[in-house]
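Asker: coordinates for the following, if possible.
(chains A, B, C and D)
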2 protein chains.
Amino acid sequence: MAELPLRTRSVEAGVDLIPQGSTPSECCFVIEGWMCRHVLTANGGRQIVAFHIPGDLPDRDSLHLPHLDHAISSISAGRVAFIPHEAVLALLSARPNLAVAFWRDAVVDAGVFRQWLTSVGRRTAKQRVAHLICEMFTRMEALGLADSDHFSFPVTQAQLGDALGLSSVHINRTLQELKAEGVISWRASIVTIHDEAQLRGIGDFDPGYLELKAMAQPH
Amino acid sequence: MAELPLRTRSVEAGVDLIPQGSTPSECCFVIEGWMCRHVLTANGGRQIVAFHIPGDLPDRDSLHLPHLDHAISSISAGRVAFIPHEAVLALLSARPNLAVAFWRDAVVDAGVFRQWLTSVGRRTAKQRVAHLICEMFTRMEALGLADSDHFSFPVTQAQLGDALGLSSVHINRTLQELKAEGVISWRASIVTIHDEAQLRGIGDFDPGYLELKAMAQPH
DNA sequence: CGTGTTATTGACCAACATCAAACTTAGTGG
DNA sequence: CCACTAAGTTTGATGTTGGTCAATAACACG
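Answerer: This next block holds a predicted model:
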């Protein structure tokens, strides 16, 4: 992958990297920081459909999509690399097993989507928040980006709301509950999990669907 | 695809074809009828994450998944075929462009997921129902399984609720609203769309994300 | 016809949204 | 180092969407 022609870019927090509806000719690779994908609705709502951390290829799907049905933005400041589609496609046709790895990665993402959808559709606010924290902790851990009981999660409460289908006010109250129960603390973007088993119980979290993610990570 | 060793099976409505957590060794192909994928939550809830119609490969992802994080069930009576994983994988490695087609199909599914998640997270009950009807009508149309203004959608209101994150009672009231406004009618599993433009407007539906689905369909 | 499933209705309730204000925090420039 | 500012968080009061429960009606099927 090192031989690819890439163009890197530093981004501030909250920058719209790739707008909804555009037809990108490059793939975006996250080097540092948090990014997200989100869909804008007619009534001005916003649904974050994925969080992306270093090593992710947020718009891997754009290789196949005529035009993006969602936007890609930065959550925190960070750095991304852009790689021309042709270069990626050339690489993939040269190495079929890499293409399979890409497909496999897409399959894992689909599993993340299913869990996310299940949270938003059928879990309470508290369960959703707990589930998301468990998921992101597990993913960060797999990358060696988490410490034993805490990790950096630089999202605002409004962004959490947009991810979980809740208002920022309700996110705030839900977080306070979790803190009051002593399950987590969350100060200055650092989430500390005091009792992971309990948090998983609250959030109905089973890491099974992320197994392959860990395996697929050696990007 | 015709040379694959397949085993067909007729199913009643509401049969659990492949249970959550299993490790299937075959892919399931829908020949006739409606199937769905759903996730069960700890508190007894159910989230339908996808509807599948003839021509779909509901557990295409199981080719890569160590164990299924969701179940596959029949919505209506129908017929499915089972194809051993090895046979599919052999075919895919023999024909790399077929593997790309599978990947592409997974990408389209991801787009469907994103819209679904956006509906459940950020749209009102009425918008969700309208959006889903538009989506399924568009998909059925692409397969030649819809008539000019109506199609067969053999789901119960409880199933609709499980798909859209709502209760069956609320689905019922929402449908009555749409019927009262004259946008649709729904009798005996047949949905008739009287004003598609209006329905799309209500549901914030843009068929763009399904374009590729239509193209990929020549299974 | 009877039986089980699905649809419909009404009464009531809970979770979460909205609005608006006050308070913190982090970052900035003098 | 201290105001100043803008963004984010927290709080309270109130409103609304949609859930729950329970009963009845309508079907579909044998």
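
Asker: does DNA strand D have contacts with stretch A:9-26?
Answerer: Yes: judged by Cβ under 7 Å from any atom of the strand, stretch A:9-26 comes into contact with DNA strand D through A:13, A:14. C-beta: built from backbone N, CA, C; applies to glycine.

Asker: and the helix or strand containing residue A:138, anywhere near DNA strand D?
Answerer: Element membership of residue A:138 [criterion: DSSP states H and E] is helix A:125-142. No: Helix A:125-142 lies apart from DNA strand D when judged by Cβ under 7 Å from any atom of the strand; the minimum separation is 12.0 Å.

Asker: what's the following helix or strand after that helix?
Answerer: strand A:150-152.

Asker: average pLDDT for that next one?
Answerer: Strand A:150-152 shows a mean pLDDT of 96.

Asker: partner strands of that strand, with direction?
Answerer: strand A:190-193 (antiparallel) (DSSP bridges).

Asker: which SSE is immediately downstream of the strand it pairs with?
Answerer: Note on strand A:190-193: by DSSP H and E, the next helix or strand toward the C-terminus is helix A:196-203.

Asker: helices and strands around that following helix, which ones?
Answerer: Helix A:196-203 is packed against helix A:125-142, with contacts defined by 3 or more Cβ pairs under 8 Å, 6 or more residues apart in numbering or on different chains; DSSP states H and E.

Asker: for the helix it packs on, C-alpha coordinates in PDB please.
Answerer: What follows is helix A:125-142, C-alpha atoms only, in PDB (Å, rounded to 0.1, in the frame of the first residue of the first chain):
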ATOM      1  CA  ALA A 125     -31.200   6.000  25.300                       C
ATOM      2  CA  LYS A 126     -29.100   4.500  28.000                       C
ATOM      3  CA  GLN A 127     -28.600   1.200  26.200                       C
ATOM      4  CA  ARG A 128     -27.600   3.100  23.000                       C
ATOM      5  CA  VAL A 129     -25.000   5.200  24.700                       C
ATOM      6  CA  ALA A 130     -23.600   2.200  26.600                       C
ATOM      7  CA  HIS A 131     -23.500   0.200  23.400                       C
ATOM      8  CA  LEU A 132     -21.700   2.800  21.400                       C
ATOM      9  CA  ILE A 133     -19.100   3.400  24.100                       C
ATOM     10  CA  CYS A 134     -18.400  -0.400  24.200                       C
ATOM     11  CA  GLU A 135     -18.100  -0.500  20.500                       C
ATOM     12  CA  MET A 136     -15.700   2.400  20.100                       C
ATOM     13  CA  PHE A 137     -13.700   1.200  23.000                       C
ATOM     14  CA  THR A 138     -13.400  -2.300  21.500                       C
ATOM     15  CA  ARG A 139     -12.400  -0.800  18.100                       C
ATOM     16  CA  MET A 140      -9.800   1.500  19.600                       C
ATOM     17  CA  GLU A 141      -8.400  -1.300  21.700                       C
ATOM     18  CA  ALA A 142      -8.000  -3.500  18.600                       C
END
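
Asker: show me how far stretch A:195-209 is from its chain's centre.
Answerer: Averaged C-alpha coordinates place stretch A:195-209 at 18 Å from its chain's average position (Cα atoms, centre = their mean, to the nearest Å).

Asker: that stretch close to DNA strand D?
Answerer: No: taking Cβ under 7 Å from any atom of the strand as the criterion, stretch A:195-209 and DNA strand D are apart, separated by no less than 14.9 Å.

Asker: just to revisit the earlier point, what angle do helix A:196-203 and the helix holding residue A:138 make with each other?
Answerer: With axes from the mean of the first three to the mean of the last three Cα atoms, to 10 degrees defining the directions, helix A:125-142 sits at 130 degrees from helix A:196-203.

Asker: with that, I have no additional questions.
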